[in-house]
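Colleague: sharing a model that was predicted from the sequence below.
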Amino acid sequence: MTLPRRYIPSVSLLAAFEAVCRLGSTAAAARELSLTQGAVSRLVQNLEGQLGVQLFRREGRRLMPTEAAQAYARDVRKALELIARASLGLRANPGGGVLNLAILPTFGTRWLAPRLAGFLAENPGVTLNLGTRLRPFDFATETFDAAIHFGIRPWPDAEQMLLFEERIIAACSEDFARTHPMQSPTDLLDQSLLQLESRPNAWTAWFAHHGLQAPATRGIMFDQFAPMMQAAAHGVGIALLPEFLALPEIAEGRLIRTPGEAVSGVGAYYLVWPEGVAPSPALVAFRDWIGRAAAQ
């Protein structure tokens, strides 16, 4: 269904309106847009006339947005940002194929980044834009086409593809192991056990898997895997790490495994994208590629 023309104002009208709301005056908006103050005022008046709604209260020489106008400005700002991103993507890649992907920071740097050259070599026409997000978000209010997600619950209003289940191992530096001899999981009970904010029960589950009760004492708390892994590599204590993150560090000699088996984690890694939206060719290409990479 095509909306009536009056509900699709021109970008110039919307840009002037958004700038006035954000900056607080037509003079400031005029400076930002390289227009005269009178031109900005006329654009705002034309928008009010097109919509048939008063957007500002005129108090002396100032324009004060109504509450409804402030809400409208937030939506307009998102739309203008989306248009700007699309224009930048088109300019960077006139052949099309832009994919905006939200990633988890440590997953992105430790697993995805070392493999991206392979994806780009297979898909030279795709421009990939990455941004970090730690928690699920509403695709309708963000500019991302897809996201890498970790968890046990489905992402709301999204389709998903399982990448791999998480396996957890305990690891520390070689120096730490030398000064804190460990022959079995029992020997970890008295050690400095590094904690992750988002996995408060990880050590409890790890010890339970080995038939032990976790100690009451706790080590340093971290909010992400990357700094916790670095702390472990510098001899601060023992970290529970996803196997795919720890293995490169172990191969480089920065970490070694402590006694104990790998334990199933509390969730899995998924690629998710908006439900009910036809995936773009760029997303289809990325989905096929990351599925094969994860299977390896």
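Modeller: Okay, I see it. Residues are numbered from 1 along each chain as shown.
Colleague: gap between residue 269 and residue 279?
Modeller: The gap separating residue 269 from residue 279 is 19 Å, by Cβ to Cβ, to the nearest Å. No exception for glycine: its C-beta is placed from N, CA and C like everyone else's.
Colleague: neighbours around the nearest residue to residue 134 once chain neighbours are set aside, how many?
Modeller: Leaving aside its sequence neighbours, residue 134 sits nearest to residue 104 (Cβ to Cβ, 6 or more residues apart in numbering; 6.8 Å). By the criterion of other Cβ atoms under 10 Å, residue 104 has 21 neighbours.
Colleague: can you list the domains in the protein?
Modeller: Domain ranges of the chain: 5-92, 98-164+268-295, 165-265, per automatic domain parsing.
Colleague: residues touching residue 258, list them.
Modeller: With contact set as Cβ atoms under 8 Å, 6 or more residues apart in numbering, residue 258 has these partners: 170-172, 177, 182, 188, 238.
Colleague: coming back round to it: in CSV, list the domains of the chain along with mean pLDDT.
Modeller: Below are the domains of the chain laid out as CSV (pLDDT from 0 to 100):
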stretch, mean pLDDT
domain 5-92, 87
domain 98-164+268-295, 90
domain 165-265, 92
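Colleague: before we move on, the earlier item: the residue nearest to residue 134 contacts residue 151, doesn't it?
Modeller: No. Look at residue 104 against residue 151 with Cβ atoms under 8 Å: they stay out of range, at 10.4 Å.
Colleague: which stretch of helix or strand covers residue 148?
Modeller: Assigned by DSSP states H and E, residue 148 falls within strand 146-151.
Colleague: and after that strand, which helix or strand comes next?
Modeller: strand 158-172.
Colleague: so what does that following strand touch, helix or strand wise?
Modeller: Helices and strands touching strand 158-172, by 3 or more Cβ pairs under 8 Å, 6 or more residues apart in numbering; DSSP states H and E, are strand 146-151, helix 202-209, strand 239-242, helix 243-251, strand 256-257, strand 263-274, helix 281-295.
Colleague: so which of the ones you listed is the most packed in?
Modeller: strand 239-242 (a mean of 26; mean count of other Cβ atoms under 10 Å).
Colleague: strand partners (parallel or antiparallel) of that one?
Modeller: Taking DSSP bridges as the criterion, strand 239-242 sits next to strand 158-172 (antiparallel) in its sheet.
Colleague: next, the angle from the strand it pairs with to strand 263-274.
Modeller: When axes from the mean of the first three to the mean of the last three Cα atoms, to 10 degrees is applied, the directions of strand 158-172 and strand 263-274 differ by 150 degrees.
Colleague: starting at the chain centroid, how far to strand 158-172?
Modeller: Between the centre of strand 158-172 and the centre of its chain there are 17 Å (Cα atoms, centre = their mean, to the nearest Å).
Colleague: quick check: next helix or strand after that strand?
Modeller: In N-to-C order, the element after strand 158-172 by DSSP H and E is helix 174-179.
Colleague: got the contact list for the residue nearest the centre of the chain?
Modeller: Of all residues in the chain, the one closest to the mean position by Cα atoms, centre = their mean is residue 133, 2.2 Å from it. Taking Cβ under 8 Å, 6+ apart as the contact definition, residue 133 lies against 102-104, 144, 147.
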